[in-house]
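Visitor: Sequence first, then the predicted structure, then my questions.
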Amino acid sequence: MRNYWQHPFLPFIIALLVIVTGSAVLLVAPAPRQTASETPARMTVLAEPVRRPVKKAAAQPQGTMRTPMDWQQPSETKPYPDVAAHPHLWIKVSLAKQRVYFLDGQTKLYTMYASTGVDTPNSRTPTGTYTIEAERGHFFFNGESQEGAYYYVSWKDHGVYLFHSTPTDANGKFNTAEAANLGVRPSSHGCIRLTVADAKWLYDHIRFGTRVVIE
């Protein structure tokens, strides 16, 4: 058998094969790797949604006068003041505005609808500075005027001039026509009429000796 490994051109042929094979390997380049930071050409990038701030509902005003006036209910929609927290509380009555104000110093704590005395010599509400007196009660009826009222509290002449509810008849039935005058016009014989709820609160909470200014 012929020995091919001793052929004079064999080393040259082997070297040539090595060169050709290496060139082929260099020509086949690996595909580039896509990194996480690169964006594919056909990928759609979605924009972040715009978040608009939610508008809060406007706060409802607190402590406003009840409108329309309700002669059975508190004059204001906020709670009555805590009398114990205001030891210097005093009362101001405005004949012009037909209002009763509860104040601590010059700070207004509460306002009530009122109806004061008709402006005649025998019926007008006296002006000046007074104090809450000892006389108070759940109900009275005046046979001369044929009117009564609930929750009365005296502030002058010991039972003559009073804070009290809108008037009633002898049986304690409220006169709704007279009740409509609260906060609007004078209609009493000199007393200061209030809604039923306001009169009861004053009767329950306002102390003997509290200052009352009427102007």
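Guide: Happy to help now that I have it. Residues are numbered from 1 along each chain as shown.

Visitor: what's the nearest residue to Pro167 once chain neighbours are set aside sitting at in phi/psi?
Guide: Distances taken as C-beta to C-beta, 6 or more residues apart in numbering put Glu147 closest to Pro167, at 4.4 Å, once the chain neighbours are dropped. From N, CA and C alone the C-beta is placed, and that goes for glycine too. Main-chain dihedrals, Glu147, degrees, to the nearest 10: phi -140, psi 150.

Visitor: Roughly how far does Glu147 sit from Pro126?
Guide: From Glu147 across to Pro126, the span is 19 Å (C-beta to C-beta, to the nearest Å).

Visitor: How about Gly105?
Guide: 25 Å.

Visitor: cool, and Leu202?
Guide: Relative to Pro126, and taking C-beta to C-beta, Leu202 is found at 19 Å.

Visitor: about what we covered before: same drill for Glu147 and Pro126, tell me which one is more crowded.
Guide: Set Glu147 next to Pro126 and count neighbours by other C-beta atoms under 10 Å: Glu147 wins out with 19 against 13.

Visitor: give the contact list for the more buried one.
Guide: By C-beta atoms under 8 Å, 6 or more residues apart in numbering, the residues touching Glu147 are 141, 167-169, 175, 189.

Visitor: give me the low-pLDDT residue ranges for the protein?
Guide: Scanning the chain with the threshold set as pLDDT under 70 gives 1-63.

Visitor: Which residue ranges of it form strands?
Guide: Using DSSP state E, the strands of the chain run over 89-94, 99-104, 107-113, 128-131, 136-142, 147-156, 161-165, 192-194, 211-214.

Visitor: of the ones you listed, which approaches Pro79 most closely?
Guide: strand 107-113 (8.9 Å; C-beta to C-beta).

Visitor: and the closest one, what does it pack onto?
Guide: strand 99-104 (3 or more C-beta pairs under 8 Å, 6 or more residues apart in numbering; DSSP states H and E).

Visitor: Let me know the angle separating the strand it packs on from strand 89-94.
Guide: Following axes from the mean of the first three to the mean of the last three C-alpha atoms, to 10 degrees, one obtains 150 degrees for the angle between strand 99-104 and strand 89-94.

Visitor: could I get the contacts of Glu147 as TSV with neighbour count and distance to Val213?
Guide: Output for the contacts of Glu147, formatted as TSV (neighbours: other C-beta atoms under 10 Å; distance: C-beta to C-beta, whole Å):
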residue	neighbour count	distance to Val213
Phe141	15	29
Pro167	25	24
Thr168	21	28
Asp169	12	32
Asn175	17	28
His189	18	21
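
Visitor: Burial check on the residue nearest to Asp70 when sequence neighbours are not counted, number of neighbours?
Guide: Counting by C-beta to C-beta, 6+ apart, Asp70 lies nearest to Thr195, which is 7.0 Å off, once chain neighbours are set aside. Around Thr195 there are 24 other residues, counting by other C-beta under 10 Å.

Visitor: check contacts around Thr195.
Guide: Contacts of Thr195 by C-beta under 8 Å, 6+ apart are 69-75, 112-113, 165-166, 179, 182.
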